[in-house]
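Enquirer: The following comprises the amino acid sequence and a computationally predicted model.
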Amino acid sequence: MLLTAAAIRQFCSARKLEQRQMQLFYNDDANYQYACHMGFFQAAEFVEGKAPGEAPGSGTYIPLTKINIKELLSKEIFAGHYIDQGDIIEIESKRLSRILSQNQTEMQKVLQYLIREAVRNIPEHAETNDVWICGQYWHNRDLAEIAILDEGIGIYNSLIKNTDSLEKIERWVKRAKTTCLFSYDAGQMLSAAERYRNTAQRIDQLCLSHIFKLTNKIRTNKELISSDFFGSASYAQDISCAGKSHSEP
């Protein structure tokens with residue numbers, strides 16, 4: 001429901017459609033009533049049903065809800081609770097994981113970690129503080145579902161903007177005085193921008209003479225598991241080696 005509602009919003013926004021120009025045709029059945037209660041239609045900017053987050057939720061579901069991490073943080077600080085953004089994300093992650101785990105302690109820990117990481121990446125990489133969430137536990141199917149959505153800059157634009165990743169890696173390796181292994185296939189790139197940045201050539205320049213061509217998959221490559229490979233790499237002062245493979249990126 002979150003993804004469908006977002007797609008409808010984006011469709012209408014791109015075509016500058018207003019609510020008065022939109023019509024909804026439906027069968028007044030259990031599915032329609034469920035969507036109304038969960039806030040689906042108003043999330044898609046129709047007028048039917050409850051607003052996102054209006055339904056109180058329960059031990060088995062969280063309705064479609066839009067949260068703003070900075071707004072939640074401001075409210076907590078105003079109330080005298082001196083917490084940071086990470087604490088806000090932890091609170092929301094715990095709330096969602098409780099519904100999905102249905103009081104299974106170990107499962108809740110795993111789910112809380114996964115949800116926390118997904119939500120944490122939104123302000124960090126998507127460059128937005130708005131997070132859409134919903135969750136449902138179905139007793140009759142012993143099934144839990146959760147959705148987390150953002151409408152930020154997107155994965156592609158995030159990768160394009162992060163053009164200094166290689167420089168960051170180089171600085172970290174030199175500062176930590178450690179060894180770094182690169183493995184890549186120059187023929188497999190996410191975008192033309194990677195080719196324009198000459199990433200493959202820059203890796204070769206960093207690695208100097210410590211360059212190996214891999215003959216098999218990286219995880220099972222005989223060069224990687226040989227003592228000679230790591231012996232030669234261990235003497236490198238900064239960036240140690242690059243592995244080139246045509247069988248695995």
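Expert: Arrived safely. Keep in mind it's a predicted model, so treat the numbers as computed, not measured.
Enquirer: Could you count how many residues lie near Asn198?
Expert: When counting by other CB atoms under 10 Å, one arrives at 11 neighbours for Asn198. Placement of C-beta: from N, CA and C, glycine included.
Enquirer: To clarify, my last question referred to Thr60.
Expert: Neighbours of Thr60 using other CB under 10 Å come to 14.
Enquirer: if I look at the residue nearest to it when sequence neighbours are not counted, how far off is Val173?
Expert: On the basis of CB to CB, 6 or more residues apart in numbering, the spatially nearest residue to Thr60 that is not a chain neighbour turns out to be Tyr137, at 4.5 Å. According to CB to CB, to the nearest Å, Tyr137 stands 45 Å off from Val173.
Enquirer: follow-up on the earlier one: strand partners (parallel or antiparallel) of the helix or strand encompassing the residue nearest to Thr60?
Expert: For Tyr137, the element it lies in under DSSP states H and E is strand 130-138. Neighbouring strands of strand 130-138 in its sheet, by DSSP bridges, are strand 61-68 (antiparallel), strand 143-149 (antiparallel).
Enquirer: mean pLDDT for the ones you listed: which is lowest?
Expert: Mean pLDDT per stretch puts strand 143-149 lowest among those, at a mean of 88.
Enquirer: got the contact list for that one?
Expert: With CB atoms under 8 Å, 6 or more residues apart in numbering as the test, strand 143-149 has contacts from 1-3, 6, 96, 99-102, 115, 118-119, 122, 131-138.
Enquirer: List buried residues within those residues.
Expert: Neighbour-count burial (16 or more other CB atoms under 10 Å) applied to the contacts of strand 143-149 gives 1-2, 6, 96, 99-101, 115, 118-119, 122, 131-137.
Enquirer: can you pull out the helices in this protein?
Expert: 2-14, 30-38, 40-43, 69-78, 85-101, 105-121, 154-161, 165-176, 192-196, 199-207, 222-225, 227-234 (DSSP state H).
Enquirer: most neighbours per residue, which of those?
Expert: Greatest average neighbour count among the helices of the chain goes to helix 40-43 (a mean of 23), per mean count of other CB atoms under 10 Å.
Enquirer: Can you spell out which helices and strands pack onto that one?
Expert: Secondary-structure packing of helix 40-43 (3 or more CB pairs under 8 Å, 6 or more residues apart in numbering; DSSP states H and E): helix 2-14, strand 61-68.
Enquirer: quick one: that helix to chain centroid distance?
Expert: 23 Å (CA atoms, centre = their mean, to the nearest Å).
Enquirer: try stretch 12-29
Expert: 29 Å.
Enquirer: buried ones in that stretch?
Expert: Cys12.
Enquirer: same question for it, mean pLDDT?
Expert: 82.
Enquirer: just stretch 166-173 next, same as before
Expert: 76.
Enquirer: same question, stretch 117-134
Expert: The model assigns stretch 117-134 a mean pLDDT of 89.
Enquirer: Let me see the contact set for Leu64.
Expert: Neighbours of Leu64 in contact, by CB under 8 Å, 6+ apart: Met1, Leu2, Ala5, Met38, Gly39, Phe40, Ala43, Pro52, Gly53, Trp132, Ile133, Cys134.
Enquirer: one more time with 10 Å
Expert: When contacts are counted by CB atoms under 10 Å, 6 or more residues apart in numbering, Leu64 touches 1-2, 5, 35, 38-44, 49-55, 132-135, 147, 149.
Enquirer: same check, this time on Asp130
Expert: Lys66, Ile67, Asn68, Ile69, Lys70, Glu71, Ile122, Pro123, Leu149, Asp150, Glu151, Gly152.
Enquirer: Check Glu76 too.
Expert: Taking CB under 10 Å, 6+ apart, we find Glu76 in contact with Tyr82, Ile83, Asp84, Asp87, Ile88, Ile91.
Enquirer: Which of those residues scores worst on pLDDT?
Expert: Within those, lowest confidence goes to Tyr82 (81).
Enquirer: Pull the number of nearby residues for it.
Expert: Here the number of neighbours of Tyr82 (other CB under 10 Å) works out to 8.
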